[in-house]
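>>> Next come a sequence and a model predicted from it.
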There are 4 protein chains.
Amino acid sequence: MEAVVLEKVHELKIRDIDLPMEVGPHDVRIAVHTVGICGSDVHYYQHGAIGPFVVREPMVMGHEASGTVVEVGSAVHHLQVGDRVCMEPGIPDADSKAARLGMYNLDPAVRFWATPPVHGCLMPYVVHPATFTYKLPNSISFAEGAMVEPLAVGMHAAVKARIKPGDLAVVLGAGTIGMLTALAALAGGCSQVVITDVQQPKLDLAAKLGPITPVNVTKQNLVEVVHELTDGWGADIVFEASGNERSAASVFDALCPGGCVVFIGMPAAPVTLDIVAAQAKEAHIETIFRYAHVYPRALALMGSGKIDVKPLITDTFEFKDSIAAFDYAGHMRPESVKIQIVLPQTR
Amino acid sequence: MEAVVLEKVHELKIRDIDLPMEVGPHDVRIAVHTVGICGSDVHYYQHGAIGPFVVREPMVMGHEASGTVVEVGSAVHHLQVGDRVCMEPGIPDADSKAARLGMYNLDPAVRFWATPPVHGCLMPYVVHPATFTYKLPNSISFAEGAMVEPLAVGMHAAVKARIKPGDLAVVLGAGTIGMLTALAALAGGCSQVVITDVQQPKLDLAAKLGPITPVNVTKQNLVEVVHELTDGWGADIVFEASGNERSAASVFDALCPGGCVVFIGMPAAPVTLDIVAAQAKEAHIETIFRYAHVYPRALALMGSGKIDVKPLITDTFEFKDSIAAFDYAGHMRPESVKIQIVLPQTR
Amino acid sequence: MEAVVLEKVHELKIRDIDLPMEVGPHDVRIAVHTVGICGSDVHYYQHGAIGPFVVREPMVMGHEASGTVVEVGSAVHHLQVGDRVCMEPGIPDADSKAARLGMYNLDPAVRFWATPPVHGCLMPYVVHPATFTYKLPNSISFAEGAMVEPLAVGMHAAVKARIKPGDLAVVLGAGTIGMLTALAALAGGCSQVVITDVQQPKLDLAAKLGPITPVNVTKQNLVEVVHELTDGWGADIVFEASGNERSAASVFDALCPGGCVVFIGMPAAPVTLDIVAAQAKEAHIETIFRYAHVYPRALALMGSGKIDVKPLITDTFEFKDSIAAFDYAGHMRPESVKIQIVLPQTR
Amino acid sequence: MEAVVLEKVHELKIRDIDLPMEVGPHDVRIAVHTVGICGSDVHYYQHGAIGPFVVREPMVMGHEASGTVVEVGSAVHHLQVGDRVCMEPGIPDADSKAARLGMYNLDPAVRFWATPPVHGCLMPYVVHPATFTYKLPNSISFAEGAMVEPLAVGMHAAVKARIKPGDLAVVLGAGTIGMLTALAALAGGCSQVVITDVQQPKLDLAAKLGPITPVNVTKQNLVEVVHELTDGWGADIVFEASGNERSAASVFDALCPGGCVVFIGMPAAPVTLDIVAAQAKEAHIETIFRYAHVYPRALALMGSGKIDVKPLITDTFEFKDSIAAFDYAGHMRPESVKIQIVLPQTR
């Protein structure tokens, strides 16, 4: 079976790989249709590691995927052959303490696609636990299905923020995750979102996605914009989605008294926070790691039309051009948001 | 000044009334534009009392109002003459224990328009505390502004339900409050709503308001519909908005494990609840009384286009036809939802 | 192996039974030391069924147990031979939707000791999943260890009530569960508890357990007592632990505005609730089913001395007198609270 | 009337001062009995300012006070002459947005004793709003009553932490606030507390206050201690009560997955936080500013015997020795915790 394999840093190949494909009683086998490229994929390609996760052996790339069920384990009831699905890439030990408490994403033993040494899904077939395989609503395309994974990050942030209907949220950073967080926040109860970035094309796109006010922080003052919109009270929620340390240090500036900050982006270095400024507002702060329990939420909101991710799918490559796709992803124009790879469907 | 006055049960008049109109430092005076008729108004007209609240002296009707600020107290800063506003009809003692704890709606000393012995607002001018007077967004008409009061009930229910993004909610009862609760739930994060009633025209209207599935309980089985939509899991939230005792007794039937019930409607008699059935799902149950802190939320969601109440304003009368409006409200066709009275604006 | 077997309604025997005793990789084998008798055991003995759970085949009794680990599965790391332990009697499917969400007690597939058709633990040895087997602190005896199961019910109620430090709680019903709920509430943050019953000896015992005010509802008025203690504000939390329908119907009477009711007792019939009275206080209501995640909490509070269950262990029988123990449990004096059976430890 | 007046930095005097003493309808006049010295008092004495609050005019010191009601305003019902009371030193505008939302401590217009330019209470009489004056339980002395103010800080932290019964908490810093936070956490539901400091005498005292494990961070490793106590899982809650930047930067080290951090201490400089380490545990973080709504909670727990602050009152001075008391407070031995001043009661 051909797969997109990261041999080692800087060396990506489409080549045959032999992987176990037995379908256990609780598993399904899926013909992969679409796989999105994530910043983490690009980072492994360019740097060979993310923090403690180091690529030491060849690894199949990709973890944002949709496809079609082609085989079903004997104990699986909620899926059948032919179902169009998307797959949650992290599989915990259901019996771990974290998983039992409902926080399966925090189980240290979780196995996550394309995180060394676990293979990803950028290949024609994968075997996956049925529990973490979700049927797509009829109205949702394979391309949209492969967007559920990054949307899940924003959705998890929206859940953690405990949005109250009508809240105003700020999203710092208009990259893929920032925009998806904005969509999740709006679908999740916010009346409007203010989004910041330094790249005007990203802000121009974001402004078309709903009641979203773009703020180019190279030219505008976020606090002034938010105070204008809230009679000086401040934003109910600030989502930090840039991962930039200066942005992360500014999270309390536009926040209202009693407001909530959610750290989504992972800053490369520790962040200097003004605790006293946070205390003056009794800010409460949530930090998130991937997501848990949100695939059904994302699919429900996409299925009922409350979230439309299509405008964010800007570039599509064929499987045979996967190397080019990764190379482009590493140096993409600011107009690009999500790059996807489509696998051949006749096989 | 002419007002719509309930002299006693069954006797409603448009007649002069002399009321104090001094504007204190924290007050505003408002030229009333539109006043909606609420079921409670009709109930006082027909029965002369609601529970312990008995009409013993002539009382001005009306508590769902919008208008224009015509005079501003000396200590008021956030409003000015000419501002288009809506008014929250219940004024608590800010220093009561309930108010200090943030639950001003539970202050027993609250003074609420058109609840004996407090006069309502169906007259050309009212004086009101600026704190409970809210500016309308430019995009919102006076008619919509007068809908904020009933919407606030549904909005408060939506806040109390602690909706998580993507939840599926059931609303029992497609009257005005039921439909507004459905809109609040969708704007507040639900992916879809299932609404029930026995009147098909109400359900037909509700179905046009968003991703709302109507269920006519004289013909369909709610539990089956919900299980079909949720793979047998059940609804995350059940809003009881009918006030009907049989409906109230059924709130656990379609609920999911760990789900939330909100009692909005006020049943005329005690309700027989199957506590063991609730326990098997560890249902948690919220009960609400009017609302608190939600006018800004309702206005924010209307202002950004996430809630559109216009389809629910079905009948409009002139002030001089107020008696006819109340008489119609008592016997309205099922196609009617909200009846409003518009006051003459040249005075 | 000899066990206490309910052959059918009214027929209890100590007799040999042959049960599988293989220790799987994630299991432990335990020499049972002490087993408490629960009201449900007595109910199966006297009536042969509880709701849908009917005794159709001989069933070993008992689910409140402590003992000593005598064999450890190959994959078990946190326990070893010789450890003194107590066991959580309900085993869910870790991969069920409810369990994944952290509500394993709501998994319909849960297998619970001495709930037909699942055998209990009133016998010399049991095999149990290590995950649901908890080490006893050194300071805790086997007798106390066998109290963790009923305490877990009160502890779960205390967790669900989201007690704030200093809250005043009412517990309706001073049976075993009521008293354990009072202890859990005090250890969990309440400043004081008011407990009600109709049996004076139970109230006399309860009053010795901590800052607990007994109220004999045949002679005293609960609402007056609570208003006296709270300057007329009401109780922050009302735990319904009697299962009595009249008691259950009274839960809102002594509650404060914004207060919380927890239904622990399972009334034999539906309960008539005054929803409007609940709404006037915006009561929120929790319902509980057994417990989840609370064994470690109960053990931590017992281990640090914040909960002392010893005064509630009033009657102890030897294993050979188990039938007499069950007969006594069905007709015990009001001074008795918990009856336990101790197994012979040389075998 | 003689008062302890800070004339300017370094210059403290006992001298006559003429202050308005009219008792409004909602006020009481109180004969002050005991006043504790807070670190902030000492800081104003030594430095003349705390952040933006600068002593520009003579200011009466003191904000931790108890006393006896000697006069009652016409509209006051819950207090009478002779009542023994303690006073909450911060008075908000009840009509501010923050106060209406239940967060009166965040109202920027709050007037707080001994925070420039507002006078404190270290003088024979004060006039205070009855709403913020609380009756002492009979069992509580004036000395303990004057401890409610610093206890309120720990109590507020304990409320914000949403302790679940049986949680294990770490308190960083065994100063007055750290020890009171430990007591609040234990009374509020924690099974045990681990407290850290560098001063052994403080740790020795803390260890006598309940199930509290002292950790001298100059000799011991906090993470190891916590992992030993929790089977490697970590602490449910970490209270940062030292205000030390290095301590504040370490808050995630001993925390469990999904755990809660509360920042109580106010670090003099911004703190460098490892956001990615927080994210790996999905830490949620609360920041607090003074307190709100907790005086009744503190008094309830002291009154029922669940909190005993007496061991922390280590040094008592007479009013005429107030300057000596402040001088000692600035250079106290590590055995000292709370220093109080008692006013002459015959006047």
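It's in.

>>> can we go C-alpha only for contacts and neighbour counts from here?
Will do.

>>> tell me the SS of the residue sitting nearest the centre point of chain A?
Note on chain A: the residue nearest the mean C-alpha position is A:Pro150, at 1.9 Å, using Cα atoms, centre = their mean. Classification of A:Pro150 using DSSP: H, G, I helix; E, B strand; the rest coil returns helix.

>>> backbone phi and psi for A:Ile212, please?
Main-chain torsions, A:Ile212, degrees, to the nearest 10: phi -120, psi 120.

>>> which non-adjacent residue is nearest it?
Spatially, and ignoring its direct neighbours in sequence, A:Ile212 is nearest to A:Val193 (4.8 Å; Cα to Cα, 6 or more residues apart in numbering or on different chains).

>>> for A:Ala99, same thing?
Nearest non-adjacent residue to A:Ala99 (Cα to Cα, 6+ apart): A:Asp107, at 6.3 Å.

>>> likewise A:Val9?
Per Cα to Cα, 6+ apart, closest to A:Val9 is A:Gly48, 4.4 Å.

>>> Next, the contact list for that neighbour, please.
Counting by Cα atoms under 8 Å, 6 or more residues apart in numbering or on different chains, A:Gly48 makes contact with A:8-10, A:54-55.

>>> quick one: which of those is most hemmed in?
In terms of neighbour count, A:Val55 stands highest of these at 22 neighbours, by other Cα atoms under 10 Å in any protein chain shown.

>>> For chain A, which residues are neighbours of chain C?
Residues of chain A lying close to chain C by Cα under 8 Å from any Cα of the partner chain are A:94-95, A:99-104, A:131, A:293.

>>> can you list the contacts of A:Gly48 in TSV and add secondary structure?
Output for those, formatted as TSV (three-state DSSP):
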residue	secondary structure
A:Lys8	strand
A:Val9	coil
A:His10	coil
A:Val54	strand
A:Val55	coil
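
>>> Could you dump these into JSON lines and include pLDDT?
Below are the contacts of A:Gly48 laid out as JSON lines (pLDDT from 0 to 100):
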{"residue": "A:Lys8", "pLDDT": "95"}
{"residue": "A:Val9", "pLDDT": "95"}
{"residue": "A:His10", "pLDDT": "96"}
{"residue": "A:Val54", "pLDDT": "94"}
{"residue": "A:Val55", "pLDDT": "95"}
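
>>> Three-state assignment for the closest residue to chain C within chain A, please.
As assessed by Cα to the nearest Cα, chain C sits closest to A:Gly102 within chain A, at 4.1 Å. Classification of A:Gly102 using three-state DSSP returns coil.

>>> tell me the contacts of the closest residue to it other than its chain neighbours?
Nearest non-adjacent residue to A:Gly102, counting by Cα to Cα, 6+ apart: C:Gly102, 4.1 Å away. Neighbouring residues of C:Gly102 by Cα under 8 Å, 6+ apart: A:99-103.

>>> Which pair of the residues you listed spans the longest distance?
A:Arg100 and A:Met103 (7.3 Å; Cα to Cα).

>>> How is A:Gly232 assigned, secondary-structure-wise?
A:Gly232 is classified as coil under three-state DSSP.

>>> could you redo the contacts of C:Gly102 as a markdown table and give each row pLDDT?
What follows is the contacts of C:Gly102, written out as a markdown table (pLDDT from 0 to 100):
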| residue | pLDDT |
| --- | --- |
| A:Ala99 | 96 |
| A:Arg100 | 96 |
| A:Leu101 | 97 |
| A:Gly102 | 97 |
| A:Met103 | 98 |
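
>>> Quick one: name the residues of the stretch 201-347 of chain A near chain B.
In this structure, the stretch 201-347 of chain A approaches chain B at residues A:211, A:296-298, A:300-301, A:304, A:306, judged by Cα under 8 Å from any Cα.

>>> So A:Ile339 belongs to a strand, correct?
Yes: counting by three-state DSSP, A:Ile339 is located in a strand.

>>> was I right about it contacting A:Lys310?
No: at 11.8 Å, A:Ile339 does not count as touching A:Lys310 under the criterion of Cα atoms under 8 Å.

>>> What distance do you get for the residue nearest to A:Gly102 to A:Asp95?
As judged by Cα to Cα, to the nearest Å, C:Gly102 and A:Asp95 stand 11 Å apart.

>>> Low-confidence ranges, chain A, go.
Where chain A drops to pLDDT under 70, the residues are A:346-347.

>>> what does the domain assignment say about it?
A:2-147+A:309-342, A:152-287 (automatic domain parsing).

>>> To D:Thr34, which of the ones you listed lies closest?
Closest approach to D:Thr34 among the domains of chain A is made by domain A:152-287 (28.9 Å; Cα to Cα).

>>> State the helix or strand in which the residue nearest to A:Ile212 lies.
For A:Val193, the element it lies in under DSSP states H and E is strand A:192-197.

>>> Only alpha carbons, please: show the next helix or strand after that strand as PDB.
Reading on from strand A:192-197 to the C-terminus, the next helix or strand found by DSSP H and E is helix A:200-207. Output of helix A:200-207 as PDB, limited to C-alpha atoms (Å, rounded to 0.1, in the frame of the first residue of the first chain):
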ATOM      1  CA  GLN A 200      -4.700  41.500   6.100                       C
ATOM      2  CA  PRO A 201      -5.800  38.700   3.700                       C
ATOM      3  CA  LYS A 202      -6.600  36.400   6.600                       C
ATOM      4  CA  LEU A 203      -8.600  39.100   8.300                       C
ATOM      5  CA  ASP A 204     -10.500  39.900   5.000                       C
ATOM      6  CA  LEU A 205     -11.500  36.200   4.700                       C
ATOM      7  CA  ALA A 206     -12.500  36.000   8.400                       C
ATOM      8  CA  ALA A 207     -14.700  39.100   8.100                       C
END
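
>>> ok, the very next helix or strand once past helix A:200-207: who's next to it in the sheet?
Per DSSP H and E, the first helix or strand lying C-terminal to helix A:200-207 is strand A:212-216. Looking at strand A:212-216 with DSSP bridges, its partner strands are strand A:192-197 (parallel).

>>> quick one, the partner strand and helix A:200-207 angle?
170 degrees (axes from the mean of the first three to the mean of the last three Cα atoms, to 10 degrees).

>>> How far does strand A:192-197 sit from its chain's centre?
In terms of Cα atoms, centre = their mean, to the nearest Å, the centre of strand A:192-197 is set 18 Å apart from its chain centre.

>>> Kindly report the same for stretch A:274-293.
20 Å.

>>> likewise stretch A:215-229?
On Cα atoms, centre = their mean, the centre of stretch A:215-229 falls 26 Å from that of its chain.
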